[in-house]
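Peer 1: Quick check, what structure comes out for this input:
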Amino acid sequence: MDTLGMKQTLEILNTFGISGLVLLLWYFSMRHQQRILDQYRDDQLQRDAQIREIIGEIRSMYEHNAELVKVTQRLALDQKDLVLMNTQALTKVCEKIDQNQYCPAVRLEKRAKGVQQ
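Peer 2: As a prediction, this is how the structure comes out:
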């Protein structure tokens, strides 16, 4: 009983009897229960706000990751083109090395006839 003293409780008991006392106790119990429910509701609203914030952060990270994948794919395509160009250039270099047209000593040997040492 919140603010009632023993004297007031006895007066209520004399005036209204046991049923009045039961109703009074029931009233105080319901007020206490309502305060607990209000506190629980406030806690749940606070948790819901925190969960919404966390979900927003997760959504943001997902969007950034999706953008990162797109950028990485573009870089991979650019790198593919670069590898193809390097492969073509190395193929030309290998052909020129195999044909060996630019070394003067080899050109002289190709023109010479007979066995060479």
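
Peer 1: Quick one: mean pLDDT over whatever helix or strand residue 92 lives in.
Peer 2: According to DSSP states H and E, residue 92 maps onto helix 6-99. Per-residue pLDDT over helix 6-99 has a mean of 89.

Peer 1: Any idea how far that helix is from the middle of the chain?
Peer 2: Centroid separation between helix 6-99 and its chain, computed with C-alpha atoms, centre = their mean, to the nearest Å, is 10 Å.

Peer 1: That helix packs against which elements?
Peer 2: If you count contacts as 3 or more C-beta pairs under 8 Å, 6 or more residues apart in numbering; DSSP states H and E, helix 6-99 packs onto no helix or strand. (Glycine included, C-beta is placed from N, CA and C.)

Peer 1: Next, find the distance separating residue 5 from residue 12.
Peer 2: In this view, residue 5 and residue 12 are 11 Å apart by C-beta to C-beta, to the nearest Å.
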